[in-house]
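# Mind looking at a prediction? Sequence and model below.
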Amino acid sequence: MKSKKLFMWGLVGVFVLALASFTVTYTVRFTEAAVVTTFGKASEGANAKRDGLHWKWPYPFQSVTKYDTRMRFVQTKLETQQTADDKQIIVEAFCMWRVKDPMKFFRRFSIAGERASDHYKEAEDRLTGFLRSAMARTSSYRMSELFPSDGSPSKLGDLEHDMLVAMTQSAERGNDSRLDDYGVEVIDVGVSRIQFPAATTEAVVQRMIASRNKLVTEIESQGEGEAERIKSAAQAQADTIMAFAMQRAAEIRAQGDVEAAPWLAQMDQEPELAIFVKNLDIMRESLARKLTLIFSDSTPGLEFLNPSFMRGASGGALPQINIGAGTPAGGAQGGER
């Protein structure tokens, strides 16, 4: 019985010790920072606690508020903005931020409630207001600059940078002070979505069609210029080749004339032979093609082709044949057969 009582008292002691440890200690993760308050207030010289095990006075003397120091995301709703060329677009923007100074963050937003989630909500409401004001920088850019159709780079990146600068300036012009005094740091500002009203969509489409038509005209003009250049180059090459061929032909003709001079000199000595040879060349060239020759039946040797020629022959007499100047030959002269 005595050992049992000792065991029970030991369990009670461990429980009380664990409870006491829970009330006087707290743990901070490496992604967090903790603000320790005394009777709900943070002293001026106090610093936020980083990761590790820390001691504190039990509640209600001291309490701990933990903040996640990783990046957080806030986004606006779709809002209509006007560009510099009086076109309307519907823009949705976002902001990446984090708790930079937990002590300043606590002092600025602890009036929203006791929980860290209440502080986050209050801070995001403030940042959303600054971001909506920064979206008005859209009016500094033309539609053709944000959505170029000629292949040039878009200025959406410049717009996002201007929104970041404008968001910081909006905080500085606020009732309190700068973003640093809120204990927050804005990491990035961007445009997450853009929509076009029906009229703006039609205008954008028409502008894109006009831009594409202009591009087509430029390409066609470049093609025609390139074609003319190629034709000019080809004509110049053809003229060069033709000039070379004409020069070479003249050289060959000159060389032929030089080589033919001795033969022409020999032909001058025998002109009749030269005429005979030339006639043979003409006949050779003529007969090499399709040619029809027509001879008269009075041509010597062709009288037999005349049907009336045989009528003069009777009783076995030989027909008369004209030889030379038409002297009759053969026949039945002198009664001899």
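Yep, it's here. Please read all numbers here as calculations on a predicted model, not as lab measurements.

# Now for residue 37: which residues touch it?
Residues counted as contacts of residue 37 (Cβ atoms under 8 Å, 6 or more residues apart in numbering) are 62-65, 106. Any C-beta I mention is one placed from the backbone N, CA and C, and that applies to glycine too.

# Give the ChimeraX command for selecting the buried subset of these.
Buried residues within the contacts of residue 37, by 16 or more other Cβ atoms under 10 Å, are selected in ChimeraX with:
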select :62,63,65,106
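
# now the contacts of residue 37 in TSV, with secondary structure, pLDDT and distance to residue 181?
What follows is those, written out as TSV (DSSP: H, G, I helix; E, B strand; the rest coil; pLDDT from 0 to 100; distance: Cβ to Cβ, whole Å):
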residue	secondary structure	pLDDT	distance to residue 181
62	strand	81	25
63	strand	86	24
64	strand	87	23
65	strand	89	19
106	helix	91	13
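
# just curious, which of the contacts of residue 37 is nearest to residue 148?
Nearest to residue 148 out of the contacts of residue 37 is residue 106 (Cβ to Cβ; 46.6 Å).

# Correct me if wrong: that closest one contacts residue 42.
Yes. Using Cβ atoms under 8 Å, residue 106 makes contact with residue 42 at a distance of 5.8 Å.

# what's the overlap in contacts for those two?
residue 35.

# what about the helix or strand harbouring residue 134, distance to the chain center?
Using DSSP states H and E, residue 134 falls within helix 116-134. Helix 116-134 sits 41 Å away from the centroid of its parent chain (Cα atoms, centre = their mean, to the nearest Å).

# Buried residues in that helix, which are they?
Within helix 116-134, the residues scored as buried using 16+ other Cβ under 10 Å are 116, 119-120, 122-124, 126-128, 130-131, 133-134.

# doesn't residue 117 make contact with residue 72?
No. Using Cβ under 8 Å, residue 72 is not in contact with residue 117; the gap is 11.6 Å.

# Which positions in stretch 78-85 come out as buried?
81, 83.

# ugh, typo on my part, it should be stretch 101-120
For stretch 101-120, by 16+ other Cβ under 10 Å, it's 101-110, 116, 119-120.

# Export the residues you listed as TSV, with columns for distance to residue 95.
Output for the buried residues of stretch 101-120, formatted as TSV (distance: Cβ to Cβ, whole Å):
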residue	distance to residue 95
101	18
102	19
103	22
104	19
105	16
106	21
107	22
108	17
109	16
110	22
116	19
119	17
120	13
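
# Out of the contacts of residue 37, which comes closest to residue 227?
Within the contacts of residue 37, the smallest distance to residue 227 is 75.3 Å, found for residue 106 (Cβ to Cβ).

# my guess is residue 132 contacts residue 76, does it?
Yes. Using Cβ under 8 Å, residue 132 is in contact with residue 76, at 5.7 Å.

# returning to that earlier point: determine which two of the buried residues of stretch 101-120 are furthest apart.
Among the buried residues of stretch 101-120, the pair separated by the greatest distance (Cβ to Cβ) is 103 and 120, at 15.9 Å.

# in the protein, which spans are strands?
For the chain, the strands defined by DSSP state E cover 25-28, 32-38, 52-55, 62-68, 72-75, 79-82, 88-99, 184-195, 321-323, 327-329.

# Direction included, what does the first one pair against?
Strand 25-28 has these partner strands in its sheet, going by DSSP bridges: strand 52-55 (antiparallel).

# how much distance is there from the partner strand to the middle of the chain?
Its chain's C-alpha centre and that of strand 52-55 lie 59 Å apart, by Cα atoms, centre = their mean.

# Can I get that strand in PDB, CA atoms only?
In PDB, the C-alpha atoms belonging to strand 52-55 read as follows (Å, rounded to 0.1, in the frame of the first residue of the first chain):
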ATOM      1  CA  GLY A  52      14.100  27.600 -29.800                       C
ATOM      2  CA  LEU A  53      12.900  27.000 -26.300                       C
ATOM      3  CA  HIS A  54      12.200  30.100 -24.100                       C
ATOM      4  CA  TRP A  55      10.900  30.900 -20.600                       C
END
